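Asks: Fold the following and give me the result.
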Amino acid sequence: MKISANHPVLLASDKLFSLQPFRLMKGFASAFIAYPIAERREQRDVRSKVRELRQWYCQPFERRLARASARLVETLSFAGWKVPYYRDLFAQTRFNPESVAKDIRYLNDLPYLTKEIIREQGDRMYSEPLEGLRYHMCKTGGSTGLACHIAYDQVGADYSSAVTLYARERTRNYKWRSELHFACRFPDMIDPGWPAREDFKCFAMNRSNIFFDRLDDVGLAEIWKTLKRRKPYMVHGHPSTIYALACYVEQEYGSAKAFDVFESSGELLEPYQREQIARAMRCRVVDRYGLAELGVMAYELEGQERGLQVLDSEGWPESRELDNGEHELVLTGFRNRLMPLIRYATGDLARVEQRAEGFYLTDIVGRIHDIVYLSGVAYPTHTIQDMLDHRVGGIQEFQIDVRGEKPVLRIVPEPHADPNQIAEKIEGYWPGALTVEFVGHDAFVRVGHRAKFRHVVAA
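Replies: Numbering: from 1, shown residues only. Predicted coordinates for the structure are as follows:
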C-alpha cells in the first residue's frame, strides 16, 4: 500500500531526519548499508573507482602527468583500432598514436572533434554496435551548438559517478552527509506515492529532490520552505536558480542558513552570483565544470582560492586560440570506450594553465541560462528545455524570441516528428503563452560578437 509523497507523516520525517542524532543514523545507514546493496542490485562498481581516485590524487602532479600522458596514448591507440571514424581519420592524416608518447605536440596533427561531426558520423563514432550492450544514452544541452547524443558504456558511467562522489568528498561532503538536488517539475507529474523506486534510490544516495517550475516569489517561497525543513549538507543546482533564491532570502530575511555547501553546475557561475549566494545563504560555494559529453572534468578540489582543477585522471585538457584571440576548451576523455571523444571542442571559452599542482581552467566563459516570462510566470530556460525534451519530444533544437509582445518559440523538429503534435502539446502546457514557429537551423538568431547560440533572444 502506498501513501502520498506529501503525506504529513513523510513531511514530519523530513524534519526528524534533519535533526541529530537521526540525521547521522540515516546517513550511516545510507552509506554503509543501502548504497552497497543498491550497487550490487544494479550491477555497478562505483566504490572501488572512488578508492582508485583517492590513490591517484595522493600522487604528486609530476607522476600523475606521466600517467595521464600514457592514458592519452592508450586512448588514441584504442580509438584508431576500434572506432570507424577515427580509424579512417588516422589513415587520412597518417597519424600514429605512438608519436604522442614521444612528443605531446604530435597531438596537434589531429583535427578537432565537434558536435556537428558527431551528429554526422552517427554509429561510426561507436567502438562496437549498441545492440545487446548495456549502455546509457545522454543528450547534450545544446547551449554551445546543436544538441547530440552521447552513448556511455557501463564502466564509463561508473567512473563518472565515482568522480562526482570523490570530488564532493574533497568538500567534506562524505557519503553519509545529505544532499539535495534541484530538478524540473513537469505540469503533468503524478504523485507516484511512497515508497517508489526513486525513493529507494534517493535513500541509497542520501539525497532528496526539490522539484520546481517557477522562480517567482511563490515558487521561491516553496523552495525555501522545503530547504528549511530538510536542512541538507549540500545543495546541487544551477547558479541562476540559487542566485534567485538568495535574492529572495535577502529580501525577506536579510540572510538565513539552510545548508552548508552549494555546488554549482550546468552553467557559468558568475562572481556576483557567488558573492550573493555565499552572503545571503551563509554557505560555502563550490564550482565545477562538467558536460554531458564527458561528465565532471574540473572541480574546485582545493577551494575557490586555487580555482577549477582539471581532473587529469579523467581526460587530457587543451585550449585552442580562436581568430579573435579567445581560447576554446578542448578535451579528450579517457574513460568511455564505447564512444571515445578525442580533441573535443566544447564550445566553452577557457584557458588551460599548467601549474606545479596540476592543470587549471582560467578565464572561463560558459553556457548561460536565462529567465523567460510565460503568462506572467518566470521560467528558467533549463526548465523549458527539460519540458521540451521529456514531455513534448521530437525537437532537435529551439530558441525563444522575447523581443515582441508575445514570445516566439522557434523549433527545429526531428525528421520523424509531427509538428502538429508538438504544437498541441506546447499549447497544452503553456496555453496562449507562445507563438510556435517551425524553422530550419539557419533561422536562429546568433547573439554576441562570436555569434554564439543562445536559447533566448532578448535584444
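
Asks: CA only for contacts and neighbour counts going forward, please
Replies: Will do.

Asks: residues contacting residue 65?
Replies: Shown in contact with residue 65 (Cα atoms under 8 Å, 6 or more residues apart in numbering): residue 312.

Asks: host element of it?
Replies: In this assignment (DSSP states H and E), residue 65 forms part of helix 61-82.

Asks: do residue 90 as well
Replies: Applying DSSP H and E as the criterion places residue 90 in helix 84-93.

Asks: What residues of stretch 163-171 count as buried?
Replies: 163-169, 171 (16 or more other Cα atoms under 10 Å).

Asks: before we move on, back to that, what angle separates the helix holding residue 65 from helix 84-93?
Replies: Taking axes from the mean of the first three to the mean of the last three Cα atoms, to 10 degrees, one finds helix 61-82 and helix 84-93 inclined to each other by 90 degrees.

Asks: which parts of helix 61-82 are buried?
Replies: Those would be 61, 64-65, 68-69, 71-80, 82, for helix 61-82 by 16+ other Cα under 10 Å.

Asks: Let me know the closest of the residues you listed to residue 437.
Replies: Proximity of those to residue 437 (Cα to Cα) peaks at residue 79, which lies at 41.0 Å.

Asks: Can you get me a residue count around the residue lying closest to that closest one once chain neighbours are set aside?
Replies: Residue nearest to residue 79 in three dimensions, not counting chain neighbours: residue 86, with 6.0 Å by Cα to Cα, 6 or more residues apart in numbering. For residue 86, the tally of surrounding residues (other Cα atoms under 10 Å) stands at 25.

Asks: just the one 4 residues further on next, same as before
Replies: Using other Cα under 10 Å, the number of residues around residue 90 comes to 20.

Asks: Can you name the residues that contact the nearest residue to it once chain neighbours are set aside?
Replies: Using Cα to Cα, 6+ apart and skipping the chain neighbours, the partner closest in space to residue 90 is residue 80 (6.5 Å). Residue 80 is in contact with 86-87, 90, counting by Cα under 8 Å, 6+ apart.

Asks: Tell me the gap between the helix or strand hosting residue 251 and the middle of its chain.
Replies: Taking DSSP H and E as the criterion, residue 251 maps to helix 239-253. Relative to the centre of its chain, helix 239-253 is centred 22 Å away, using Cα atoms, centre = their mean, to the nearest Å.

Asks: could you point out which element follows that helix?
Replies: Using DSSP H and E, the first helix or strand after helix 239-253 is strand 261-264.

Asks: elements contacting that following strand?
Replies: Here strand 261-264 touches strand 234-237, strand 284-291, going by 3 or more Cα pairs under 8 Å, 6 or more residues apart in numbering; DSSP states H and E.

Asks: Mind putting the ones you listed into TSV with distance to residue 333, mean neighbour count and mean pLDDT?
Replies: Formatted as TSV, the helices and strands packed on strand 261-264 follow (distance: least, Cα to Cα, whole Å; neighbours: other Cα atoms under 10 Å; pLDDT from 0 to 100):
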stretch	distance to residue 333	mean neighbour count	mean pLDDT
strand 234-237	24	22	95
strand 284-291	11	20	96
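
Asks: would you turn these into a markdown table with distance to residue 102?
Replies: Listed next are these as a markdown table, based on distance: least, Cα to Cα, whole Å:
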| stretch | distance to residue 102 |
| --- | --- |
| strand 234-237 | 42 |
| strand 284-291 | 30 |
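
Asks: where's the residue lying closest to residue 372 once chain neighbours are set aside relative to residue 36, distance?
Replies: With sequence-adjacent residues excluded and distances taken as Cα to Cα, 6+ apart, residue 372 is closest to residue 379, at 5.2 Å. Distance of residue 379 to residue 36, given as Cα to Cα, to the nearest Å: 38 Å.

Asks: Which parts of the stretch 101-250 of the chain are strands?
Replies: Taking DSSP state E, counting those that start in this stretch as the test, the strands found in the stretch 101-250 of the chain are 135-139, 149-153, 179-184, 207-212, 234-237.

Asks: quick one: low-confidence ranges for the stretch 101-250 of the chain?
Replies: Confidence mapping of the stretch 101-250 of the chain against pLDDT under 70 gives the ranges 141-146, 193.
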